[in-house]
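**Student:** with the sequence up front, the predicted model follows.
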Amino acid sequence: MKKIALIVVGVIVILGGALLYLNHMNYWPFHKDKEKGIPDGEIKNMNQLDRTDELSLLLAASGKVGYNVKGSNVSIYFDVYKRDKRVLHKLVTEFGSEKDTQLSGTLVWGIPGFDVFKPTEIRAAVSNDGATSQDSFAIPKDIFGKIEDAGAQTQSFEDGKIKKGKKYILQGWVMGKEGTGMHENIFSEKGFKNQEQTVMLYVVFK
């Protein structure tokens, strides 16, 4: 009898733990309106688009991000810095409302072409609870190609709690003779000063 009771308790503990995990990660049967596999308030760096797909083979760079957060806006921007001075700030696309609500979905972006150092256009789509906002942005011709030394980095951020107002880099470029090695602070005010030009595609949650 005691052995049976221990088995029952063990099953309950295991089942309870499994249910807690499913709830925490927003899996079925919990929170059907949220992005599965991502805890509340977090961002997830998801796999890049499948490179075996015929469409993705035409992309020089691409990525996908998932999120579950209470907020009012998800915005994707394109910035250009000359040293630490921002000379271009453009909105690529956004999804939002006038007040805070549950934002759960994915954003997908891609750069058409074959050379990540010669991009001409950015395409992005933000999906939230069945609704999608998508747009494209034509990159000005004078941004790329003039500086020979360049480095690039794709979605270098880690999964974790979303910080409102933080710039989560989707694609970044650094250019200049000072060096194009990537490091933690490359896309920061300190990093900008050490580069002739810095270009960033990023998402911000508000």
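**Tutor:** Great, that's in hand.
**Student:** what residues of stretch 101-116 count as buried?
**Tutor:** Using 16 or more other C-beta atoms under 10 Å as the burial criterion, the residues of stretch 101-116 that qualify are 103-112, 116. Where C-beta positions appear, they are placed from N, C-alpha and C, glycine not excepted.
**Student:** so which of these sit within strands?
**Tutor:** 103-112 (DSSP state E).
**Student:** name the nearest of these relative to D135.
**Tutor:** W109 (10.6 Å; C-beta to C-beta).
**Student:** what sits against the closest residue to I122 other than its chain neighbours?
**Tutor:** Excluding its sequence neighbours, the residue lying closest to I122 (C-beta to C-beta, 6 or more residues apart in numbering) is F137, at 4.7 Å. Counting by C-beta atoms under 8 Å, 6 or more residues apart in numbering, F137 touches 78, 90, 92, 121-124.
**Student:** which two of those lie the greatest distance from each other?
**Tutor:** Longest span within the contacts of F137, C-beta to C-beta: K90 and R123, 13.8 Å.
**Student:** which parts of this structure are strands?
**Tutor:** Going by DSSP E, the chain shows strands at 42-46, 59-82, 85-112, 121-128, 131-138, 150-154, 160-161, 168-175, 197-205.
**Student:** just put those in a markdown table and tack on mean pLDDT and distance to I186.
**Tutor:** Output for the strands of the chain, formatted as a markdown table (pLDDT from 0 to 100; distance: least, C-beta to C-beta, whole Å):
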| stretch | mean pLDDT | distance to I186 |
| --- | --- | --- |
| strand 42-46 | 81 | 17 |
| strand 59-82 | 91 | 11 |
| strand 85-112 | 89 | 16 |
| strand 121-128 | 91 | 20 |
| strand 131-138 | 88 | 22 |
| strand 150-154 | 86 | 7 |
| strand 160-161 | 90 | 19 |
| strand 168-175 | 91 | 6 |
| strand 197-205 | 93 | 8 |
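**Student:** take these and lay them out in a markdown table including distance to G191.
**Tutor:** Formatted as a markdown table, the strands of the chain follow (distance: least, C-beta to C-beta, whole Å):
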| stretch | distance to G191 |
| --- | --- |
| strand 42-46 | 20 |
| strand 59-82 | 9 |
| strand 85-112 | 13 |
| strand 121-128 | 21 |
| strand 131-138 | 23 |
| strand 150-154 | 11 |
| strand 160-161 | 21 |
| strand 168-175 | 8 |
| strand 197-205 | 7 |
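**Student:** neighbour count winner among K90 and R123?
**Tutor:** Ranked by neighbour count (other C-beta atoms under 10 Å), K90 and R123 place R123 first, with 17 against 14.
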